[in-house]
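Participant: Predicted model follows, preceded by the sequence.
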Amino acid sequence: MSLGDTQSSKSPEVTTDPVCGMSVKLNAGKPSVEHDDKNFHFCSQGCANKFETDPEFYLTGGHKRRAETAPKAAQYTCPMHPEIIEDHPADCPLCGMALEPMGIPDDEPNPELVDFTKRFWISGLLSVPVVFIAMAPMIGINLSAWLPAQVLKSLELICATPVVLWAALPFFKRGWGSIVNKSPNMWTLIAIGVGTAYIYSVIATLLPDIFPVQFRTASGAVPVYFESAVVIVSLVFLGQILELKAREKTGAAIRSLIDLSPKMARRINANGKEREVPLANILPNDKLRVRPGESIPVDGIVIEGKSAIDESMLSGEAMPVDKGPRDRLIAGTVNKSGSLIMEAQKVGADTMLSQIIELVANAQRSRAPIQGLADKIAPISYLP
């Protein structure tokens, strides 16, 4: 029984959305589309638009077959520890680095890069006065001649507090996680170093009288180390941002590979009619027409026609390769001359182009072994 017969056999007040399968009340102002002299009703305009783009895909149940082979939900892994896999964004319990999505990266901006960039600029701006106050005596500027030493320390406290308690919060979370997971790493050292310098300096600023003479300078003042805390935070953010931006540029190369595959394909339906449809709607055994100058949309074989195919993206060979019936076609290569009819065999993530992109994406996520050196030293430094 066809979907059109199902719609007509239902109660006249209710029908079925051919895209999502939901029940739709008639005469309720819902969108509808006419196809082959039949009216199909939809729960939303989004479903109507999908149906109008490719009616045969939904009327033949292609969307259900695609759902059966749809890839799993996104998973996240650690470049330094590939054995760590989560189904949601998190920090690696071993090294503390943010887990990265597996598979082909999308075009969305890296949320960690956006967040760290904002924190870096704020911490950097607030660090300037702190460092200036701390370093002024070393370059011959006596700020104490204009402001009392206690006021200068209070100014350092005011500027350093947002840097340590807000900007550096991700570092403390990762440092605490490393302690809880009994896996000391560089975040453990950063959290302990920044936290100790800040807490000591706060006490020295607010309660200087509790410190014995051994902690005081020749002038009797208790030194503070706010500048050490804020500079460490700013420099760590700078290093993280440089690394994230470098990997983002590598992601641009991956996206250029993705662009080799066309977004649309011309499918030949069972009734012999051709329709240009989204590439995601192409399934194995579909017949496709590839016109001169177009990219091959999926892996498959030629079933009709002859042409020269530019396979330089795969082999590096500049001369086109002649193709005829039963010859193999690779997604992303370019049809140079004649018109071809091909049968799709591998689609989506199964194509050779997608596998190449997957290998490049895996290489992008990996980090050099030397980057694990700090994590190997950290447990030794952490031991009493």
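Facilitator: Here it is on my side, so go on. Residues are numbered from 1 along each chain as shown.

Participant: Going by C-alpha atoms from here, please, whenever you check contacts or count neighbours.
Facilitator: Fine.

Participant: buried stuff in stretch 84-103?
Facilitator: 85-86, 90-103 (16 or more other Cα atoms under 10 Å).

Participant: Now do that stretch, average pLDDT.
Facilitator: When pLDDT is averaged over stretch 84-103, the result is 75.

Participant: ditto for stretch 278-292
Facilitator: 92.

Participant: how long is that stretch from one end to the other?
Facilitator: 19 Å (Cα to Cα, to the nearest Å).

Participant: Can you point out the buried residues in it?
Facilitator: Quick answer for stretch 278-292 (16+ other Cα under 10 Å): P278, L279, N281, I282, L283, D286, K287, L288, R289, V290, R291, P292.

Participant: And stretch 334-341, by the same measure?
Facilitator: V334, N335, K336, S337, S339, L340, I341.

Participant: Leaving aside the residues adjacent along the chain, what's closest to A308?
Facilitator: D322 (4.3 Å; Cα to Cα, 6 or more residues apart in numbering).

Participant: Now do that neighbour against L242, distance only.
Facilitator: Counting by Cα to Cα, the gap from D322 to L242 is 46 Å.

Participant: pretty sure the residue nearest to A308 contacts K306?
Facilitator: Yes - in this structure D322 lies within contact range of K306 using Cα atoms under 8 Å: 7.4 Å.

Participant: neighbour-wise, which of those two wins?
Facilitator: Neighbour count, other Cα atoms under 10 Å: between D322 and K306, K306 has more, with 18 against 14.

Participant: Give me the below-cutoff pLDDT ranges for this protein.
Facilitator: Residue ranges of the chain with pLDDT under 70: 1-12, 68-73, 103-107, 251, 364-384.

Participant: Helices along that one, start to end?
Facilitator: Applying DSSP state H to the chain gives helices spanning 3-9, 45-53, 55-59, 62-68, 111-135, 149-162, 169-180, 186-206, 226-258, 312-315, 352-365, 373-382.

Participant: Q75: which of these is closest?
Facilitator: Taking Cα to Cα, helix 352-365 is the member of those nearest to Q75, at 13.1 Å.

Participant: Can you show me the CA trace of that closest one as PDB?
Facilitator: As requested, the backbone C-alpha atoms of helix 352-365 are provided in PDB (Å, rounded to 0.1, in the frame of the first residue of the first chain):
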ATOM      1  CA  MET A 352      36.900   7.000  -0.300                       C
ATOM      2  CA  LEU A 353      36.900  10.800   0.000                       C
ATOM      3  CA  SER A 354      35.200  10.700   3.400                       C
ATOM      4  CA  GLN A 355      37.700   8.100   4.600                       C
ATOM      5  CA  ILE A 356      40.600  10.400   3.500                       C
ATOM      6  CA  ILE A 357      39.000  13.300   5.300                       C
ATOM      7  CA  GLU A 358      38.600  11.100   8.400                       C
ATOM      8  CA  LEU A 359      42.300  10.200   8.300                       C
ATOM      9  CA  VAL A 360      43.300  13.900   8.000                       C
ATOM     10  CA  ALA A 361      40.900  14.800  10.900                       C
ATOM     11  CA  ASN A 362      42.500  12.100  13.100                       C
ATOM     12  CA  ALA A 363      45.900  13.400  12.300                       C
ATOM     13  CA  GLN A 364      44.800  17.000  13.100                       C
ATOM     14  CA  ARG A 365      43.500  15.900  16.600                       C
END
